[in-house]
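**Q** please find the sequence and the predicted model below.
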Amino acid sequence: MKVLKTLGYLLGLPVLLILLWWSSTLGAVNFFVPTPATLVSKFGEVWFGERFFTDVLPSIGRLLVGVVAAIVIGVVGGVLIGSIKWLRALLEPTLEFFRAIPPPVLVPVLMLLMGITDSMKVVVIISGCVWPVLLNTIEGVRAVDPVLSDSSHTYGIDGWARVRYLVLPSASPQIMAGVRQSMSLGLILMVISEMFASSAGLGFTIVQFQRSFAIPEMWSGIVVLGLLGVGMSFIFQWAERNILRWYHGQKEVENAA
Amino acid sequence: MSSQAPTAGGAGPSAERHHRRVRKAPTKQLLGVAGILGFLVTWELISRLGIIDERYLPPASEVIAALVADFGLTAFWVSVGETMKAWFLGLLIAVVAAVLLGFIIGSSNFLRKATNSTVEFLRPIPSVALIPLAVLLFGVKIESSLLLIVYASFWQVLIQVLYGVADVDMVANNTAKTYGLGRMARIRYVVFPTALPYLMTGVRLAGAVALVLAITAELVIGSPGLGREIALAQSGGAISGMYALVLATGLIGVVINMLMRFIEKKTLAWHSSVRSEVVV
Amino acid sequence: MQPDLTQAAPEAMLSVRGLKKVYQTDGGDIEAVRNLTFDLRAGELACLVGPSGSGKTTLLKCISGLMAPTEGEVLLDGKRVTGPPKKMAVVFQEYGRSLFPWMRVRDNVELPLKNQGMPKAERDRLVDEALEAVGLSGVPRSYPWQLSGGMQQRVAIARAIAYQPEVLLMDEPFAAVDAQTRADLEDLIRVVWKKLGVTVLFVTHDIDESVYLGERVIILSSSPTVIQEDIVIDLPAGRDQLNTRSLPRFTELRHHVYEQIQLAKRGHRPAASSAAQTPTTPTSTASTFGPA
């Protein structure tokens, strides 16, 4: 009974929406809105053939490389800048400015500097995604609890051990918040870099469908991007739950008190 | 804290805090300015020394000159106006819609549970996936920008409003009930004040996202605004002009951030002591 | 019988010599600690009491090497303290903020040992013993924040014990726990101290606690801090919450300390503040002291 109820809550609204969509496409054919059946058949046809290897996988690969590199650079740089007071004061305004630049404008700039290459697309993703992680890490490192910091000092936990056991875990909630922003930004930048300057990849293919008025195919592309976003979100939530178990537990205890 | 001689009360630790705040502030700002200058000098040198070809990366001085020249051009300000118009309208629509829906969904346990899966599915869909659709429906008009901006900003605000409504203190709500406050009155006096800090966080995040999407739409679709000018400058070979416009978008971003933080501070002045640090 | 304590006694485990700490601000210098000199013999349990704002925390930070004094020095076993020394462990008041919330209880206790590169078997033994000693053998898999305040402070104490310090500093460790837990923890400290023979410096603002716990009580003046008085607590060694606290001598000593602190609050300062003071044994209340 309880399982049924949960299932009802989980699927009720989506099923309702799909039924609504289906019934609205029953009558007169709308050029812009394909029927659910057409979309499903196109989806398989378009994306699970050769295109999966020529367009989908390379796009995902670039996205992964870019986001992971951005996280690594952001965390390492953030720990460094956050731990050294004068360095932080020196760089923070400049970094805030870089964070404020809307990352998509980097596409034409990097296109100019690097040409239209795969590495350019990866660099676009890195240079857009690095800021939220970097600045959040700096903030997290700065906010290490002074009592905890004193405790570590008195027990001789310094240098690398301090980073590993104190600084990184303590900053991890902020770092994860930055990573979440970076992941959605990375997906946006992947698509834009391919739409703006490319001859392959997910973004390029979807725009091609739109230009040739292949409407059901275009929709299926939108669905692919959506699934990609949802998939990344699930992976993130799973990772976050594991890494920040202590943090959520602690918050729960504090809120209950 | 004035500069008078210390009294017995907590001279040690508070004196230390005092010390940090008073003395370090000007030094910190000076260092920050030095950082910006250092960056500009490095940029200038990279270009002048030919580490990166001047045709691709003009020296900082040239770009800043181009930016200053832009400030005198009507066309520049028209573009800025177009971008800001799309940003503001999109944000406004998203906030209004998200607040309405957020309060409706959030105040009903049934609706909250029933919509959860759908919200969690729709939220991560990147708004740029809608670019082809926007082009089909609206072409290069401002509506294209609005579609992307609204979609991206809406979720940011909605999620925060839902968190905020869920955070309402049961004791406060029950107290209000015992004093005979009706549903609307409770929303006005209990739910809304609780959710306000969350809402402001959502609006601040949405403000940043909205600018990204406004520029994206202009850049990729070609709806009017700074993004389109950047694309045109790049393809037209006006490289200094392109870098100047990139700097301009950065300045707009900084201004928007400052504005949002200012509004957040003003609205929540009464709340800051109660509010714990929420990581978002 | 008075212990023989002169300048920098050779048997001193912890020696604070002419310690002075001045904070520099734009509004002028703030002198938190003016001139403090005292010695702790190895194995002594001394309590440091003073009115609030008497620079207790500043003093403790200087002793533990977390902060450099403006003048004077701290010697640990004859060696000058310049940074947190290996032979010293500190238990802070804020138990919730001195344990690593991302580590389980056992890992918290183990970390300082692991960081020293101690072999696993030895580590395990020390951690087990320490958890056993504070009565926490049952919860090594819990996270600190899952425990009550008193239990969290027990974890912090276990971590300090496992570290095998020669000097244990405690900064108002029980100020934030409830009265019942506090009594239990006080007894725990006495037990641990006797068992390990460690030198303990226990900072508190609670007069009862200082008299009940200490073999000696050092009373601080108000800021800028000097030593107001240094007294020997001649209560029987085997103390318990009910009997010891109802002894007439306990009441007498409590009175004495209380009055000294009231004096300190009113700004009274001892005449000879710069020289090292010798702990005295107050004979009865209200008659033996006053402006000397």
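**A** Now that the structure is in, tell me what you want to look at.
**Q** could you pull out the strands in chain C for me?
**A** In order along the chain, chain C carries the following strands (DSSP state E): C:12-25, C:28-41, C:45-49, C:71-76, C:79-80, C:88-91, C:167-171, C:199-204, C:216-220, C:225-232.
**Q** and if you look at the stretch 151-257 of chain A?
**A** For the stretch 151-257 of chain A, no strands are identified by DSSP state E, counting those that start in this stretch.
**Q** okay, the strands of chain C in JSON lines with mean neighbour count next?
**A** (Glycine included, C-beta is placed from N, CA and C.) Rendered in JSON lines, the data for those read as follows (neighbours: other CB atoms under 10 Å in any protein chain shown):
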{"stretch": "strand C:12-25", "mean neighbour count": "20"}
{"stretch": "strand C:28-41", "mean neighbour count": "21"}
{"stretch": "strand C:45-49", "mean neighbour count": "25"}
{"stretch": "strand C:71-76", "mean neighbour count": "17"}
{"stretch": "strand C:79-80", "mean neighbour count": "11"}
{"stretch": "strand C:88-91", "mean neighbour count": "26"}
{"stretch": "strand C:167-171", "mean neighbour count": "24"}
{"stretch": "strand C:199-204", "mean neighbour count": "25"}
{"stretch": "strand C:216-220", "mean neighbour count": "23"}
{"stretch": "strand C:225-232", "mean neighbour count": "23"}
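**Q** I'd like those strands as TSV, with distance to residue A:165 appended.
**A** Supplementary listing: the strands of chain C in TSV, determined by distance: least, CB to CB, whole Å:
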stretch	distance to residue A:165
strand C:12-25	28
strand C:28-41	31
strand C:45-49	30
strand C:71-76	25
strand C:79-80	27
strand C:88-91	17
strand C:167-171	22
strand C:199-204	27
strand C:216-220	35
strand C:225-232	35
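**Q** so which of these is nearest residue A:25?
**A** strand C:88-91 (70.4 Å; CB to CB).
**Q** name every strand pairing with that closest one and say which way it goes.
**A** Next to strand C:88-91 in the sheet, as set by DSSP bridges, lie strand C:167-171 (parallel).
**Q** geometric centre of chain C: which residue is closest?
**A** Most central in chain C under CA atoms, centre = their mean is residue C:202, positioned 1.7 Å from the mean C-alpha point.
**Q** reformat the strands of chain C as a markdown table; add mean pLDDT.
**A** Listed next are the strands of chain C as a markdown table, based on pLDDT from 0 to 100:
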| stretch | mean pLDDT |
| --- | --- |
| strand C:12-25 | 87 |
| strand C:28-41 | 86 |
| strand C:45-49 | 92 |
| strand C:71-76 | 90 |
| strand C:79-80 | 89 |
| strand C:88-91 | 92 |
| strand C:167-171 | 92 |
| strand C:199-204 | 92 |
| strand C:216-220 | 91 |
| strand C:225-232 | 85 |
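**Q** out of those strands, which is closest to residue A:129?
**A** Using CB to CB as the criterion, the shortest distance between residue A:129 and those is 40.9 Å, found for strand C:88-91.
**Q** and for that closest one, what's in contact with it?
**A** Here strand C:88-91 makes contact (CB atoms under 8 Å, 6 or more residues apart in numbering or on different chains) with A:150-151, A:154-155, C:60, C:64-65, C:76, C:98, C:153, C:156-157, C:159-161, C:163, C:165-171, C:173.
**Q** looking at those residues, which are in helices?
**A** Secondary structure of these is defined by DSSP state H; positions in helices are A:150, A:151, A:154, C:60, C:98, C:153, C:156, C:157, C:159, C:160, C:161.
**Q** separate out the buried members of those.
**A** A:150, A:151, A:154, C:60, C:98, C:153, C:156, C:157, C:159, C:160, C:161 (16 or more other CB atoms under 10 Å in any protein chain shown).
**Q** need those residues in CSV (columns: distance to residue B:76 and pLDDT).
**A** Shown next, in CSV, are these (distance: CB to CB, whole Å; pLDDT from 0 to 100):
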residue, distance to residue B:76, pLDDT
A:150, 53, 91
A:151, 55, 92
A:154, 58, 91
C:60, 61, 88
C:98, 56, 90
C:153, 63, 91
C:156, 61, 93
C:157, 67, 92
C:159, 62, 94
C:160, 65, 93
C:161, 70, 91
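**Q** out of those, which one sits closest to chain B?
**A** When those are compared for distance to chain B (CB to the nearest CB), residue C:60 wins out at 9.8 Å.
**Q** first to last residue in stretch C:109-124, what's the distance?
**A** Using CA to CA, to the nearest Å, the end-to-end distance of stretch C:109-124 comes to 10 Å.
**Q** tell me the buried residues in it?
**A** For stretch C:109-124, a neighbour-count test (16+ other CB under 10 Å) marks C:109, C:110, C:111, C:112, C:113, C:115, C:118, C:123 as buried.
**Q** I figured the first one hits residue C:132, correct?
**A** Right, residue C:109. No: the pair residue C:109 / residue C:132 is not scored as a contact, 11.2 Å apart, by CB atoms under 8 Å.
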